[in-house]
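1. Okay, here's the prediction I keep looking at, along with the sequence it came from:
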Amino acid sequence: MFSKVVVSLCASVMLFGCPKNKSDAIDTADVQIEKGNSINSEVINVVATNSKGVQTKLDAIRYNLANLSTPESVVVHNGDIYVSNIGGQPGQSPDMGFITKFDGNENIKLCDGATTLNDPKGFAFMGDNYLLISNHPNITLIKIMDNDKCVEIQSTPLEGGAGFLNDVVRLNDNTVFVTDTGKGTISKVTINEKFDGFTIETLKGINLNGINGVTFDPNSSTLYFVTSTFGGDATKGDLYSVQLDKDFNLSSELVKWNNKQIGAGGLDGIALLSDNKLIISDWGVNGADNNAMLYIYDIPTKFLSATISGEITATADITVEENIVYLPEFSKNRISTIDLTSGK
């Protein structure tokens, strides 16, 4: 079990792989891995700039792990780091995708040879050992066995075909949303009680070009999502929110937060922060290696409160655990982390 990587940075401690909820707590007596021991890591320069222009250096680490190939999405589960890998170019790498698990000592391929993945991007754990994966052009449910092998439960395409399946957000134990950046839709996937199959229906009331990253706040029943230029419309790059009812259907009008394109418009990941804020990722100008950014928005005011920039590239589908941002750098085959509390 992997619980913590301890890195000495300006006399601070950076947690890598911490549980999000107390109910998910892991054994803190597990071996702690020092920087540079067993994993190849390096300090990188990352700066936060607040709305007044004041800059603060943040503690940030880059991890160069084996077995990564165009990493797209990260999930932290029971102290381990799971990463979806497309394995090549999106839409051009059939049967080359895979999921890796990093437990602090090694980064291994899951389901190797047992499950065919094409463009695995967003994914979510449903319980401890089921994964619902955006596996373009299919939505795929797999079960992870004790030996890290997998069994495919169901793999089904969208009715009428998918444009470009992308992000996944877990709503409850049996329900997820999957975005389709190409068609500009969101699909609701409902897994049955026996976990031996699922149904798919298109969410009514949302049809916007380039829908990409999505997240859900169960406390307020609010869905947040971004649109991006990846859908083919160079004017996209917006942040939206909408209320959901108990059946996860829309119960309010869409609210657009910004009046002009956010950053370069290549918005990808989105996640909730613990201090009533949202963080979103932007690939940057002229491709993956130019001016990648993170943006933090205050939820009550809907105002941009900070930007994060520095030695980060190809900022794909981020996740946040205990105020640590886990960032897959798509074109560089690596994972970076940023401690959002280090600048406070």
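-> Structure's in. What do you need?

2. Quick check: Ser309 is in a strand.
-> Yes: using DSSP: H, G, I helix; E, B strand; the rest coil, the assignment for Ser309 is a strand.

3. give the contact list for it.
-> Residues near Ser309 by C-beta atoms under 8 Å, 6 or more residues apart in numbering: 46-47, 49, 291-294. C-beta: built from backbone N, CA, C; applies to glycine.

4. run the last query once more with 7 Å
-> Taking C-beta atoms under 7 Å, 6 or more residues apart in numbering, we find Ser309 in contact with 47, 293.

5. Would you map the helices across the stretch 51-200 of the chain?
-> For the stretch 51-200 of the chain, applying DSSP state H, counting those that start in this stretch gives no helices.

6. the strands in it, which residues?
-> 55-64, 71-77, 80-85, 98-102, 107-110, 119-125, 130-136, 138-144, 150-157, 165-172, 175-180, 185-191, 198-202 (DSSP state E, counting those that start in this stretch).

7. Of those, which is nearest Asp317?
-> strand 71-77 (3.8 Å; C-beta to C-beta).

8. and for that closest one, what are the contacting residues?
-> 17, 81-86, 121-125, 316-317, 319, 321, 326, 328, 330, 333, 335.

9. secondary structure class for Thr337?
-> strand.

10. Surely it and Glu329 touch.
-> No: counting by C-beta atoms under 7 Å, Thr337 stays clear of Glu329, with 11.2 Å between them.

11. re the thing from before, can I get the strands of the stretch 51-200 of the chain in a markdown table with mean pLDDT?
-> Formatted as a markdown table, these follow (pLDDT from 0 to 100):
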| stretch | mean pLDDT |
| --- | --- |
| strand 55-64 | 95 |
| strand 71-77 | 95 |
| strand 80-85 | 94 |
| strand 98-102 | 93 |
| strand 107-110 | 89 |
| strand 119-125 | 95 |
| strand 130-136 | 95 |
| strand 138-144 | 95 |
| strand 150-157 | 93 |
| strand 165-172 | 97 |
| strand 175-180 | 98 |
| strand 185-191 | 98 |
| strand 198-202 | 98 |
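
12. Including distance to Ser241, could the ones you listed go into JSON lines?
-> What follows is those, written out as JSON lines (distance: least, C-beta to C-beta, whole Å):
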{"stretch": "strand 55-64", "distance to Ser241": "26"}
{"stretch": "strand 71-77", "distance to Ser241": "21"}
{"stretch": "strand 80-85", "distance to Ser241": "25"}
{"stretch": "strand 98-102", "distance to Ser241": "30"}
{"stretch": "strand 107-110", "distance to Ser241": "34"}
{"stretch": "strand 119-125", "distance to Ser241": "19"}
{"stretch": "strand 130-136", "distance to Ser241": "21"}
{"stretch": "strand 138-144", "distance to Ser241": "24"}
{"stretch": "strand 150-157", "distance to Ser241": "29"}
{"stretch": "strand 165-172", "distance to Ser241": "13"}
{"stretch": "strand 175-180", "distance to Ser241": "14"}
{"stretch": "strand 185-191", "distance to Ser241": "13"}
{"stretch": "strand 198-202", "distance to Ser241": "20"}
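
13. Nearest approach to Ser342 belongs to which of the ones you listed?
-> strand 55-64 (3.8 Å).

14. Give me the neighbour count for Lys260.
-> Counted with other C-beta atoms under 10 Å, residues neighbouring Lys260 total 7.

15. Who are the contact partners of it?
-> Counted by C-beta under 7 Å, 6+ apart, Lys260 has zero contacts.

16. what does Phe195 give?
-> Tyr130.

17. again, 8 Å this time
-> Phe195 touches 126-127, 130, 141, 143, 153, counting by C-beta under 8 Å, 6+ apart.
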